[in-house]
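> Here's my sequence, what's the structure:
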Amino acid sequence: MDSTREMADIRPPIGLIRGLPLYANGDAPKHLRSKSQLRDGLHLRLAPGQQPVCYVRVLYHPDGPCALYDPADAVPAGDQSIGALWAYWARRTCPKCGQRREHIVHGKECGECWRAKQSKLIARQERRCDGCHRLGSKPYPKVTEGWNYKRLCRACRAEFNRKLDAALTEASMCPGDCGKRTASKKRILAWALENHYTVTRWQAVYCPPCDDVHQAEQAKREAEQRAKRERARAEQQAREAAEREARRQELADLRQWALDVLADPATVILDTETTGLHAEARIVDIAIIAATGETLLNTLVNPGEPIPAESSDIHGITDEMVADAPTFANIADGLLGLLKGKRVIIYNAQYDMARLAHEYSLLCDTEAEVAAVAEAVYVGNGGVNGEDAMEPYSAWYGDWNDYYGNYRWQRLNGGHRAHGDCLAVIECLKAMARPSVYEEGDND
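Numbering: from 1, shown residues only. Take a look at the predicted model:
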């Protein structure tokens, strides 16, 4: 009969741990015991190889779930030594009150001492005024304020009631200038207590005459705000229209420039590949084509020095490829003949013109000759008239950079060979020469 009642009281496990049932605290079978309960209550110890039957979850247990064993499988325990008994009671003695407990004391105090300390703290807090922080001899009464409550002494409670009465008086008056009372203090206080709000959250009520004035002023303010928004919207639309017109004019100018370049019979496209980006870099590949795509010059150039590996990784030109190529001195005269009097279009003209000037300066013997070459290359008095195509194409592409306040430069994507880059420049010019979206919209 007892075993049947015990089985009826057993609740199902809440899970498994190590393949064994895990019970909540108090739900495990009543006859099972922990290792300490076997030793202390029944004077038993675990048999060799005895395994737990289940586990029980104990809150705040430092070792996690506690293992439970069947006392029927345990064996009698021998007499404990004096040292073992001393260690047993030492673990269960509170260092604060010195009392022996039935459980191991974890920390600096037992549960009874902790509860007593908390009770003292709560009692002290009840005797402390939340207004002036004065400590009294008995608990102060509670004063409700919104969601929270305060414990106030007589003086602070009187000040609180004075402020509350002033707030209620102000809240009960019409917000207009009539000075009429539109709500009772009792109604406002009941609303604040019901909604757990302070009295200052009360929405003041207008009297009928003041309400008409208030509604008119509210309508006037809303009309002014709408007018302000409309003006801001109109100004924004005007700015956007001006920006579109400026962009349309910019694209029209860029298109006209590209059309003039492509239609000019004196236009040639030039590009070079070098040994690097430094000031003394030498040319290793150079190409010149006409605006129609006709190739006028396309040759590798022996720079007279090793080509760095990092440069070869970019354009693919190695020392073996330029070993039998002509030097720049061999093509210098013919190159000037192709460029003099021409409209030379270069993608990033500043860099390529500097490379040409450096190559021609290496062929000069005096400083005067170097200055003359620099003037001929850069100024173009009867020499090279170089025009940059990178900045116009980047402006036409329109990738604006807010940080720098200009258009981002666009990659050429010509394969990093001189002839391929020249052909890519022509494709960029043809793209710029097509009608823009603004002009197509105007035509529609």
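
> is it true that residue 314 lies in a helix?
Yes. Counting by DSSP: H, G, I helix; E, B strand; the rest coil, residue 314 is located in a helix.

> That one contacts residue 417, correct?
No. With contact defined as Cβ atoms under 8 Å, residue 314 does not reach residue 417; the gap is 10.2 Å. All C-beta atoms are positioned from the backbone trio N, CA, C, and that covers glycine.

> Counting neighbours, go ahead and name the busier of the two.
Neighbours were counted for residue 314 and for residue 417 using other Cβ atoms under 10 Å; residue 417 has more, 19 against 13.

> got a list of what that one touches?
273, 285, 287, 315-316 (Cβ atoms under 8 Å, 6 or more residues apart in numbering).

> quick one, phi/psi of the spatially closest residue to residue 324 that is not a sequence neighbour?
In this structure, residue 324 finds its nearest non-sequential neighbour in residue 302, 7.9 Å apart by Cβ to Cβ, 6 or more residues apart in numbering. The phi/psi pair for residue 302 (degrees, to the nearest 10) reads phi -80, psi 110.

> Identify the residues contacting residue 302.
284, 322-327.

> next structured bit after the helix or strand harbouring residue 243?
Element membership of residue 243, judged by DSSP states H and E, is helix 208-263. Moving toward the C-terminus from helix 208-263, the next helix or strand (DSSP H and E) is strand 267-274.

> Next one: residue 256 from residue 422, what distance?
Going from residue 256 to residue 422 by Cβ to Cβ, to the nearest Å gives 22 Å.

> Quick check: next helix or strand after the worst-scoring helix or strand of the chain on mean pLDDT?
Sorting the helices and strands of the chain by mean pLDDT, DSSP states H and E puts helix 2-9 at the bottom, at a mean of 49. Downstream of helix 2-9, the first helix or strand assigned by DSSP H and E is strand 15-17.

> Quick one: list the elements packing against the very next helix or strand once past that following strand.
Downstream of strand 15-17, the next assigned helix or strand under DSSP H and E is strand 20-23. Strand 20-23 sits against strand 15-17, strand 54-56, with contacts defined as 3 or more Cβ pairs under 8 Å, 6 or more residues apart in numbering; DSSP states H and E.

> tell me, which of those is the model least confident about?
Across those, strand 15-17 has the smallest mean pLDDT, namely a mean of 88.

> partner strands of that strand, parallel or antiparallel?
Strand pairing for strand 15-17, using DSSP bridges, gives strand 20-23 (antiparallel).

> who touches the partner strand?
Identification of contacts with strand 20-23 by Cβ under 8 Å, 6+ apart yields 11, 13-16, 52-57, 65.

> at 6 Å what do you get?
13-15, 54-56 (Cβ atoms under 6 Å, 6 or more residues apart in numbering).

> Let me see the mean pLDDT of that strand.
The pLDDT scores in strand 20-23 average 92.

> can you check stretch 237-246 too?
Mean pLDDT, computed over stretch 237-246, is 94.

> Show me the strands in the stretch 101-250 of the chain, by range?
Here the stretch 101-250 of the chain has its strands, by DSSP state E, counting those that start in this stretch, at 142-145, 148-151.

> about what we covered before: would you write a ChimeraX line that selects the buried entries of the contacts of residue 417?
Burial among those is assessed by 16 or more other Cβ atoms under 10 Å; the matching ChimeraX selection reads:
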select :273,285,287,315
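
> got TSV for the contacts of residue 417, with distance to residue 125 too?
Output for the contacts of residue 417, formatted as TSV (distance: Cβ to Cβ, whole Å):
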residue	distance to residue 125
273	83
285	87
287	89
315	81
316	82
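
> Quick one: neighbours of residue 98, just the number.
Residue 98, neighbours per other Cβ under 10 Å, totals 8.

> Give me the local confidence score for it.
Per-residue pLDDT puts residue 98 at 88.

> wait, is it part of a strand?
No. Residue 98 is assigned coil when assessed by three-state DSSP, not a strand.

> which residues sit in contact with it?
With Cβ under 6 Å, 6+ apart as the criterion, no residue contacts residue 98.

> Ramachandran angles for it?
The phi and psi values for residue 98, taken as degrees, to the nearest 10, are phi 80, psi 10.

> separation between it and residue 262?
As defined by Cβ to Cβ, residue 98 lies at a distance of 104 Å from residue 262.

> wait, isn't residue 338 in contact with residue 289?
No. Counting by Cβ atoms under 6 Å, residue 338 stays clear of residue 289, with 10.4 Å between them.

> So the two - more neighbours on which side?
Taking other Cβ under 10 Å, residue 338 and residue 289 do not tie; residue 289 has more neighbours (22 against 17).
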